[in-house]
Every structure is written in C-alpha cells, then in structure tokens.
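**Student:** how does the following fold in three dimensions:
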Amino acid sequence: MRSSDKRLLVGCAGALLLVLIVQLATRDHPAVATGPRPSRPPAPESGATPANAAVVPSVVPSADQIEAAIAASDDFSLYKEQFILASTQLITVGRCSLEQLREYGGWVKSQTHKTDPVYFTYCGEAHVSNRIYLNVATGEVFQ
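**Tutor:** Alright, predicted model coming up:
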C-alpha cells in the first residue's frame, strides 16, 4: 500500500469518527437535520420508500470504489481527497449511496457560491432539496 493511500485511509477513518460524533451530538439540531425521519419504515409489501429515507450501506465501499464513482467531478485532480472524504462520510452516515454518487457523476462546481470553492452533488432525486454542498477549503458539508 502506498503511503498516500495510507494517509487517505487514516484521514478517512478519523473523519468518519468525527462525523459520527457530530451526527450524534447534532441529530436534533434543525440547522444540520437532513429532513424528518419516519417513525418506522414503510411496510415491505407496500414497496414504498420515503424520499428522504437514509440509505444505510451494509458495507462501506472502498476508497477506490468511491474514487471511480466520482472521478468525473469538476476539478477532481485538485480536490480528489476532499471529494473522496466527503463522499465517504455521506455514505457512512446513510445520507447518500455509492450508486447515487455514480449516477450524478460526483461533485459539480456551484455557481451559487462563486466566490468560495463550493461543489455539490445529489443524494436522492436531482432536486434542489436533495442537493448536498461541500466547501473544499473548510471540509464543511451542508445542505
């Protein structure tokens, strides 16, 4: 394993722990909420899934799988590590799936935040309510 891969792996592990701590500490805070959570999942026979339901992965994809899914991101060569870290965090907390990141092609430079290095992707349908932003300078992920 290359030393850059080891650094990325260690960085991702530390960031994942931080994300989980922040999620637990702020889960009821309206500024960081990802939407109302259903009190119970829909009945399997209904075939219904709430639009904002968490996508809980059975296994978190590898950094290589995530990289392949988001390689078409704008400025990928500049912000590869930030994009992989944020994508891993979104998948780990169940906000996004690898398939969703692959489907939307990764991260797109935001024209709304022109003066800041902010990129977005969709976790769910391609609708503004499912848009997730990443400030690559600060690592902040917001909606």
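
**Student:** next SSE after the lowest-mean-pLDDT helix or strand in the chain?
**Tutor:** Across the helices and strands of the chain, mean pLDDT, DSSP states H and E gives its lowest value to helix 3-26, namely a mean of 46. The C-terminal neighbour of helix 3-26 among helices and strands, as given by DSSP states H and E, is helix 63-70.

**Student:** from A68, how far out is V93?
**Tutor:** Using CB to CB, to the nearest Å, one gets 21 Å for the distance from V93 to A68. The way it works is simple: take the backbone N, C-alpha and C, and place the C-beta from them, glycine included.

**Student:** tell me the angle the helix or strand harbouring I91 makes with helix 63-70.
**Tutor:** Assigned by DSSP H and E, I91 falls within helix 76-92. Interaxial angle, helix 76-92 versus helix 63-70 (axes from the mean of the first three to the mean of the last three CA atoms, to 10 degrees): 110 degrees.

**Student:** now do the helix or strand that comes right after helix 76-92: which elements does it pack against?
**Tutor:** Heading C-terminal from helix 76-92, the first helix or strand you meet, by DSSP H and E, is helix 98-104. Applying 3 or more CB pairs under 8 Å, 6 or more residues apart in numbering; DSSP states H and E, we find helix 98-104 packed against helix 63-70, helix 76-92, strand 118-122.
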